[in-house]
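>>> here is my input, please return the structure:
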Amino acid sequence: MADTNTNRIAGLKVMVIDDSDTIRRSAEIFLAQAGCKVILAEDGFDALAKIADCQPDVIFVDIVMPRLDGYQTCALIKKNPGLAHTPVIMLSSNDGLFDRARSRMVGSDEFLAKPFTKESLLAAAAAHAPRQASGPLA
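The predicted structure is shown next:
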């Protein structure tokens, strides 16, 4: 199944927003091994500064961050008409009903508990990857 996910997300532009260097680097390694172009951001402000230029296909955002938390970051992304369609997957070590419900309320497309596995991260990215246009292979 991991091979299927890898094939589906190769070439995908994925942004990972997390204040933990360890989480950012783990996600970067897993996604890069699957052929994704990875954009990293340390917090919501850093992400919002980069997001317009890189136009990610999928965004992973941690909930608990300084300055601008994941809920605020997700809400700002979803309120932007040019980004509203971009899937946002919330990351949190708090896997409770409240966090999942609040994530949905701000417009997130999925909730992924930390620590995540390579398989769960790639599966989440694949589930929200834009459908590739069918046509002859180059």
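>>> distance between the ends of stretch 33-42?
21 Å (Cα to Cα, to the nearest Å).
>>> show residues contacting stretch 115-132.
1-2, 4-6, 8-9, 12, 14, 27, 30-31, 33-34, 36, 57-58, 60, 87, 89, 91, 93, 109-110, 112 (Cβ atoms under 8 Å, 6 or more residues apart in numbering). C-beta coordinates here come from the backbone N, C-alpha and C atoms, glycine included.
>>> count of neighbours near A75?
Using other Cβ atoms under 10 Å, A75 has 17 neighbouring residues.
>>> give me the pLDDT for it.
With respect to pLDDT, A75 scores 98.
>>> ok, the closest residue to it other than its chain neighbours - contacts?
Excluding the flanking residues, the one nearest A75 by Cβ to Cβ, 6 or more residues apart in numbering is V106, at 4.3 Å. Residues in contact with V106, defined by Cβ under 8 Å, 6+ apart, are Y71, Q72, C74, A75, K78.
>>> redo those residues as JSON lines? Include distance to R100 and secondary structure.
Below are these laid out as JSON lines (distance: Cβ to Cβ, whole Å; DSSP: H, G, I helix; E, B strand; the rest coil):
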{"residue": "Y71", "distance to R100": "12", "secondary structure": "helix"}
{"residue": "Q72", "distance to R100": "17", "secondary structure": "helix"}
{"residue": "C74", "distance to R100": "13", "secondary structure": "helix"}
{"residue": "A75", "distance to R100": "16", "secondary structure": "helix"}
{"residue": "K78", "distance to R100": "17", "secondary structure": "helix"}
